[in-house]
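Asker: Generate coordinates for the sequence data below:
(2 chains, ligands or ions: 2)
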Amino acid sequence: MNSIPQSDVSGQPLDLTSAPTLSQTTLFTALFRSVAFFLVGVVALLVAYIFSQGFHGLNPAFLFGSATSQDSSGMFDVHNAGVFEMVFGTILLVFLMTVLVMPVGVISGIYLNEFSDPNAWTTRIIRSAVNNLAGVPSIIFGLFGLGFFVYFIGGSIDDYVLHTASPVFGKPAVIWAALTLAVLTMPVVVVSTEQALRSVPLPLRDAALGLGATKLQTLRQIVLPQAAPGIITGGILAVSRGAGEVAPIMFTGAAYYLAHLPQSITDQFMELGYHIYILATQSPNVDRTRPLLFATVVVLLLLTFLLNLIAILVRAWTRHRMRSYRA
Amino acid sequence: MTNALPTIAHPPRVRIASPPGIAPAVNVSAPISHQVESLEAEPAAEPVAVPPIIQVQDLSLLYGNVAAVQHVTLDIPRYRVTALIGPSGCGKSTFLRCLNRMNDFIPNARTSGRVLFQNQDIYAREINPIRLRRYIGMVFQRSNPFPQSIYDNVAFGLRLHKMGRAETIHDQVELALRKVGLWDEVKDRLNQNAVTLSGGQQQRLCIARAIAIKPQVLLMDEPASALDPIATAKIEELILQLKEDYTIVIVTHNLQQAGRCSDYTAFFYMGQLIEFDATENIFGQPAAEATEAYINGRFG
Ligand SMILES: Nc1ncnc2c1ncn2[C@@H]1O[C@H](COP(=O)(O)OP(=O)(O)O)[C@@H](O)[C@H]1O
Ligand SMILES: [Mg+2]
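Answerer: Ligands and ions are numbered 1, 2, ... in the order given. This next block holds a predicted model:
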């Protein structure tokens, strides 16, 4: 090798080796990893349990069959019912919710990040309102939706616009349930929008402004296209949060049983989450209901997954469109 | 190459006031024929010889209650390169951004004094800063191309200000890219995303984007400080070419660069303009002690 004596400044021989002991890093990596993997275990267990329980129930008659089956006495025959109406109702609800929450949430986020004075008291009030909204338990939203949307707004429309004695708007309906869910998921959309806008680099804004673009032109042509995937992520989170929520819709629009699909936004609707709640709590024959119950859970999980997948594809498409200039 | 390009021998009078009410003062500054000047070996040494395009009068800027620019008075000569030098934090960028009102976007920045661009006070009430920035363009320290195609980057300002139909926009894009010497490098990939270009190419693209809308003044804030020496040399060469058509104000912390590229140099120190003179004088016989100390690397 070389002949230079290997020693440190004080003349001691250099020792760069160490005994092969189990280092702290290795130990903690293993520890942290096993804790993280515990989560995987929980999820796997949950999914395995649900699928094993619900597997028998998953047949075409159940998946695509109508839920409007009645027994000889004209009662709702849950045991022979399918879930078609509930799947339809869930999709309709989530769709209406998204249509309602996105414009308001995104505009609020844009206002907060782009136009508001961060130190003004109005801004602080808006911000704390959004934050507090995020912490409210969902059953409270249900009660609020019933009191405010159904009775107050709906009732007022009936009384002062339609002048009807029998309620049209002033009763639980899919539109009120969707509005209630929209309020529930609003904070997610506002916060995601703000974050997405904040992450657009300042030099890009400067470039546009320096070329003589107005603030609005800069926002529309440079900032929003950059922020779009992040904003859509907010929509995805809202869908995840909203789909399957039972408490907010049980007073405001979900029906125990309906003989037909909702015909208008003022109709009630059947919904998977609420149906699961009914199957779990109202059944006279628990053992017979169990496979149905879990099959319904599987359908709800798959549907939520599917809705998320659609949103993720939309986001990927937006990103791709932004980068499609690359050859 | 530059011979083929149209030059602004007689710059049009610019109106930057938004309401069409009061007619602004007549532009008295005589247009110069730059071809004659570019034949001269040395630019005129005394600042008064060249008519100014921007006159800064007692300009101050406060961030909150901290002064970043203090009582600066300075004439920026037309079709010349004026360099702003000084230790970092002395207010060069802030001063530069005052010239096209980019500081409007900083909530706590307050300006006083006057900045006359072609004899109009750009801080006057009737001035629309949007119109102003169309005539006083800016190039930033870090290249900031939009994450769009190369073509769309250059066309951005043209479309923004509705400067022509699709065909003429294409010609203007080509012209701007040619002026910055980028055309041959990118003509086959105009539809590629601009962020795929190298750092030096990106910065030249940003310059092309700025000059595509034919501004009269180009403000450059350390345009080469993030680039390697070869890319830097290209930018410097470009600056010398561009001054035939534009007035350039460039912030630089690179004294050699100021010496190579600029006709006039302003030395800033702690928010104040210490000295402003022909570059050769600033580097040859600076009047102020602080300037001399800075030039000789004794501080900053
Ligand atoms: N947005 C801002 N808010 C408050 N102070 C600022 C801001 N921008 C710059 N400053 C301060 O103003 C002074 C001048 O900054 P700048 O103009 O960037 O200097 P230079 O470009 O010469 O390095 C510095 O002290 C800096 O900290
Ligand atoms: Mg600076």
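Asker: Run a quick neighbour tally on residue B:280.
Answerer: Neighbourhood size, residue B:280 [other C-beta atoms under 10 Å in any protein chain shown]: 16. Bear in mind the C-beta positions are built from the backbone N, C-alpha and C, glycine included.
Asker: Leaving out the residues flanking it, which one is nearest to residue B:250?
Answerer: residue B:220 (4.3 Å; C-beta to C-beta, 6 or more residues apart in numbering or on different chains).
Asker: dump the residue contacts of the one you found.
Answerer: When contacts are counted by C-beta atoms under 8 Å, 6 or more residues apart in numbering or on different chains, residue B:220 touches B:138, B:139, B:239, B:248, B:249, B:250, B:251.
Asker: Wait, a helix at residue B:73?
Answerer: No: read with DSSP: H, G, I helix; E, B strand; the rest coil, residue B:73 is strand and lies in no helix.
Asker: Quick check: it touching residue B:59?
Answerer: Yes: between residue B:73 and residue B:59 a contact is recorded at 7.4 Å, counting by C-beta atoms under 8 Å.
Asker: more neighbours, those two?
Answerer: residue B:59 (21 against 13).
Asker: pretty sure that one belongs to a strand, no?
Answerer: Yes: per three-state DSSP, residue B:59 lies within a strand segment.
Asker: Count residues in the vicinity of residue 103, would you?
Answerer: All of this is about chain A. 11.
Asker: actually it's chain B I care about, not the one you picked
Answerer: Quick note: residue B:103 (other C-beta under 10 Å) scores 20 neighbours.
Asker: Verify the contact between it and residue B:111 for me.
Answerer: Yes: using C-beta under 8 Å, residue B:103 is in contact with residue B:111, at 6.7 Å.
Asker: any shared contact partners between those two?
Answerer: residue B:61.
Asker: Helix or strand next in line after the helix or strand that residue A:41 is a member of, which one?
Answerer: Using DSSP states H and E, residue A:41 sits in helix A:24-54. Next helix or strand after helix A:24-54 toward the C-terminus (DSSP H and E): helix A:60-64.
Asker: buried ones in that following helix?
Answerer: A:62, A:63 (16 or more other C-beta atoms under 10 Å in any protein chain shown).
Asker: Below-threshold pLDDT in chain B: ranges please.
Answerer: Applying pLDDT under 70 to chain B picks out residues B:1-49, B:300.
Asker: Run through the helices of it in chain order.
Answerer: B:34-39, B:92-98, B:129-135, B:150-160, B:166-179, B:183-186, B:199-212, B:229-242, B:255-261, B:279-284, B:289-295 (DSSP state H).
Asker: Can you give me the distance of residue B:104 to ligand 1?
Answerer: Using C-beta to the nearest ligand atom, to the nearest Å, residue B:104 is found at 12 Å from ligand 1.
Asker: Skip the chain neighbours and tell me the closest residue to that residue.
Answerer: residue B:129 (5.7 Å).
Asker: Please work out how many residues are found near that neighbour.
Answerer: The burial count for residue B:129: 20, using other C-beta under 10 Å.
Asker: Kindly report the same for residue B:247.
Answerer: The burial count for residue B:247: 24, using other C-beta under 10 Å.
Asker: go on, residue A:100?
Answerer: 19.
Asker: and if you look at residue A:150?
Answerer: Around residue A:150 there are 24 residues (other C-beta under 10 Å).
Asker: Ok, residue B:221 next?
Answerer: 21.
Asker: Show me what the residue nearest to residue B:250 is bridged to.
Answerer: Beta bridges link residue B:220 to residue B:139, residue B:250 when assigned by DSSP bridges.
Asker: TSV for the helices of chain B, including distance to residue A:160?
Answerer: Listed next are the helices of chain B as TSV, based on distance: least, C-beta to C-beta, whole Å:
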stretch	distance to residue A:160
helix B:34-39	74
helix B:92-98	56
helix B:129-135	46
helix B:150-160	48
helix B:166-179	54
helix B:183-186	64
helix B:199-212	57
helix B:229-242	68
helix B:255-261	74
helix B:279-284	78
helix B:289-295	76
